[in-house]
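Participant: Need a 3D model of the following:
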Amino acid sequence: MAEIQAPPEVMRGCDADHEYEIRNPKPDQLLKIANELGISINIFMDFDIETVFDVLSLLFKLDDQIDMKFEADKDDDGNFKPATVKLSFKNKLINKKLCTYMKDLEIRENMLNAKDEYSEEEYTDSLQHINENIEEIKQHLLDDNMVVKKGTDRLTVKNYPN
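Facilitator: Residues are numbered from 1 along each chain as shown. As a prediction, this is how the structure comes out:
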């Protein structure tokens with residue numbers, strides 16, 4: 001992956017400690033860097049998702065800010081069946097991008113299931129190539145500043161200040 005370098009005026013006040021992970025930039029510094037690069041500050045965030053709380057709090061935050069759709073089949077008593085829970089977005093662009101990502105995950109899953117059909121070297125090389133492609137696709141899919149926040153009913157693109 002290519003290294004991203006912010007212009008010197010953005011990096012003023014930052015020192016080598018950041019590069020060597022001795023300390024992390026403050027949120028306001030990250031925001032300045034993200035704005036200068038024209039990207040979302042979220043790309044710098046490490047959410048450290050480990051617990052049910054972590055997952056649900058992110059889902060609830062997403063649901064608060066964008067139009068999500070939660071679905072599940074019901075049993076004979078009218079209770080939702082946990083094994084059938086599905087979530088999607090009411091925004092077609094997000095769903096389309098997720099489908100592209102899902103196709104790549106399917107290719108990887110097919111490779112994992114076909115491990116016995118390849119030599120160890122072929123399998124390792126192919127899997128590495130697939131994983132690299134998935135990372136490239138993820139970066140390509142992230143390259144979109146269309147605003148999808150609830151209440152946005154027309155095409156709006158977020159411009160990052162310089």
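
Participant: Tell me, how many residues neighbour D63?
Facilitator: One way to gauge burial is a neighbour count; for D63, by other CB atoms under 10 Å, it gives 14. C-beta: built from backbone N, CA, C; applies to glycine.

Participant: just K32 next, same as before
Facilitator: 21.

Participant: and the next element down the chain from the worst-scoring helix or strand of the chain on mean pLDDT?
Facilitator: The helix or strand with the lowest mean pLDDT-type score in the chain, counting by mean pLDDT, DSSP states H and E, is helix 16-19 (a mean of 50). Scanning forward in sequence from helix 16-19 by DSSP states H and E, the next helix or strand is helix 27-37.

Participant: average model confidence for that next one?
Facilitator: In this model, helix 27-37 has an average pLDDT of 76.

Participant: in it, what's buried?
Facilitator: Residues of helix 27-37 classed as buried by neighbour count (16 or more other CB atoms under 10 Å): 29-37.

Participant: Which members of the residues you listed define the maximum pairwise distance?
Facilitator: Taking CB to CB as the measure, these reach their widest spread between Q29 and L37, a distance of 12.7 Å.

Participant: where along this protein do the strands fall?
Facilitator: With DSSP state E applied, the chain shows strands at 68-71, 86-89, listed in chain order.

Participant: closest to K150 out of those strands?
Facilitator: With CB to CB as the criterion, K150 lies closest to strand 68-71 of the strands of the chain, at 9.5 Å.

Participant: contact partners of that closest one?
Facilitator: Defining contact as CB atoms under 8 Å, 6 or more residues apart in numbering, one finds that strand 68-71 is touched by 59, 62-63, 84-90.

Participant: In TSV: these, plus distance to F47 and pLDDT.
Facilitator: As requested, these are arranged in TSV below (distance: CB to CB, whole Å; pLDDT from 0 to 100):
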residue	distance to F47	pLDDT
L59	12	92
L62	12	89
D63	16	92
T84	26	98
V85	21	97
K86	22	96
L87	17	92
S88	21	91
F89	19	90
K90	23	88
